[in-house]
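Participant: With the sequence up front, the predicted model follows.
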Amino acid sequence: MNTTFSKPEITPARRAFYDRLAPKNVAPLWEVLARLVPAQPAPEMVPVLFEYEQIRPLLMEAGRLLTAQEAERRVLVLENPALRGQSRLTQSLYAGLQLILPGETAPPHRHAASALRFVLEGTGAFTAVEGEKTMMHPGDFIITPSWTFHDHGNPGEEPTVWLDGLDVPIVNLFDTSFLERRPEEEGQVERVAPGDALARYGSNLLPVDFVRERPSSPVFTYPYDRTRESLDVLFRNGPLHACHGVKMRYVNPATGGYPMPTLGAFIQYLPRAFAGACYRGTDATVYAIVEGQGRTSIGDLTFEWGPRDIFAVPSWAPVRHIAESDAVLFSMSDRPAQIALGLWREEAPMS
Ligand SMILES: [Fe+2]
C-alpha cells in the first residue's frame, strides 16, 4: 500500500505557471502535499541529552552574573539543536533550568502559558501559587497553571535548581499569550496557609461543595516523598510493565485527568537490570532522571544517564530504557492536548 503522496514532475510550462502564482499569494498544493501531510510524524527536533554536570557550572556562572530579580527568571533554556533560537526543546514544549540562590526572590507574575516545575537540586526555596507557598524539595512536582500568579523565593541556604516545562510554543501557535506582572511586595502576601491545597484537594478528599473553577488541578504540589512511596509499594506488588517498569501519571484529583490541559507529567521506577521493551508514542517527551544510572536508546542513538540528566525524545521515535541501578525517571509531554484533540497514538510493545 502506497502511503505517501508523490510529487508531479516539474516541466518548464509548470515552472512558469508556478512563478506566476507567487505574486498573487497562491501556491500549488501538489508541490508541498507530501511535506504537509507526511505518512507518519516527521519531527524536525532531534534527540538530545543534557548532562547536568556540564550545565550546572554554567547555571552557577549565570548566578554570579545577574540576579534572579534582574532576569525576572534566571533560566538557561534547553534548546533543541535542530530548533536553535526557537526556545523549544520539542516542537510543542519549552524547557529550561532555573536557578534561585539563597536570599533571592523572583517577582510575581502570571501568564497564559501553563508551567510545571520538577525540582532537581536544593532544599529551602519555595514557589508560591496564588498566594500559597510550597517548599521545594528534590523530586517535587509543582504546577503553575495558566493565568495563576506565581513567584519564587529562596530563604534557605542552598542554591535551588529545577526543570521548567512550559507550553509556550502551543500558546504562541494559537497567538493567545498574555502576561501580567505584580509588585514584588504583593508576591510576599500569604493569602493561604502552606499545605492548604494538598489537604483540601490532594488527600483523597474534596470539599463537599467543591465546584471546578478551572481546567487545571487544584493541587499545586506533588511531594516526592509520597510519590516515591507509591512507586516502592507498586514495585513490590507488581506487575512491571514490559516497556515502562512502574509508570504513573500525575493527576488532577478533581477529574482524574492530567494536572493541566496541555502538559502531562509522569514518574516511573525501573529496577536494577530492567531492560525495557521498545515503545513509541506521538507525544515528544522530555525526561529528567531523579535517581539511578542507566541508558535509553532512541532509534539508533543511545544516551547514558545519571541523576539530574535531561534528555528529549521526538514524536514516534522508538524508545527503550535500560536501568543499571534502581532508577526513577520523571517525564513530561503534551499528551493531554493530543488526547483532547484526538491525535495521540502509541505503539507498545514493539518487536
Ligand atoms: Fe512564570
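Facilitator: In hand now; what should we look at?

Participant: Regarding stretch 235-252, how distant is the last residue from the first?
Facilitator: Taking Cα to Cα, to the nearest Å, the first and last residues of stretch 235-252 lie 23 Å apart.

Participant: That stretch: how far from the chain's middle?
Facilitator: Stretch 235-252 sits 19 Å away from the centroid of its parent chain (Cα atoms, centre = their mean, to the nearest Å).

Participant: Flag every buried residue along it.
Facilitator: 235, 240, 243-247, 250-252 (16 or more other Cβ atoms under 10 Å). Every C-beta, even on glycine, is put in place using the N, C-alpha and C of the backbone.

Participant: Can you lay out those as CSV showing secondary structure and distance to P207?
Facilitator: As requested, the buried residues of stretch 235-252 are arranged in CSV below (DSSP: H, G, I helix; E, B strand; the rest coil; distance: Cβ to Cβ, whole Å):
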residue, secondary structure, distance to P207
F235, helix, 33
L240, coil, 37
C243, coil, 38
H244, coil, 34
G245, strand, 35
V246, strand, 31
K247, strand, 31
Y250, coil, 21
V251, coil, 18
N252, coil, 15
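
Participant: Give me the residue ranges of the protein where confidence is low.
Facilitator: Residues of the chain that meet the criterion pLDDT under 70 lie in 1, 185-189, 350-351.

Participant: on that earlier part again, just the closest of the buried residues of stretch 235-252 to S297, please.
Facilitator: Checking the buried residues of stretch 235-252 against S297 with Cβ to Cβ, the nearest one is C243 at 12.4 Å.

Participant: can you tell me how far the closest one sits from R272?
Facilitator: When distances are taken as Cβ to Cβ, to the nearest Å, C243 and R272 turn out to be 17 Å apart.

Participant: Y222 now?
Facilitator: With the distance defined as Cβ to Cβ, Y222 ends up 25 Å from R272.

Participant: More neighbours: the two, which one.
Facilitator: Y222 (23 against 12; other Cβ atoms under 10 Å).

Participant: which residues touch V192?
Facilitator: Under the criterion of Cβ atoms under 8 Å, 6 or more residues apart in numbering, the contact list for V192 reads 130-132.

Participant: Show me what A265 is bridged to.
Facilitator: Beta-bridge pairing of A265 under DSSP bridges involves M332.

Participant: In three-state terms, how would the residue nearest to F210 when sequence neighbours are not counted be classified?
Facilitator: Nearest in space to F210, with sequence neighbours left out and distances taken as Cβ to Cβ, 6 or more residues apart in numbering, is A254 at 6.9 Å. Under DSSP: H, G, I helix; E, B strand; the rest coil, the three-state class of A254 is coil.

Participant: For S92, grab the count of nearby residues.
Facilitator: Each residue near S92 was counted by other Cβ under 10 Å, and the total is 21.

Participant: and what of the one 10 residues further on?
Facilitator: By the measure other Cβ under 10 Å, the count of residues near P102 is 14.
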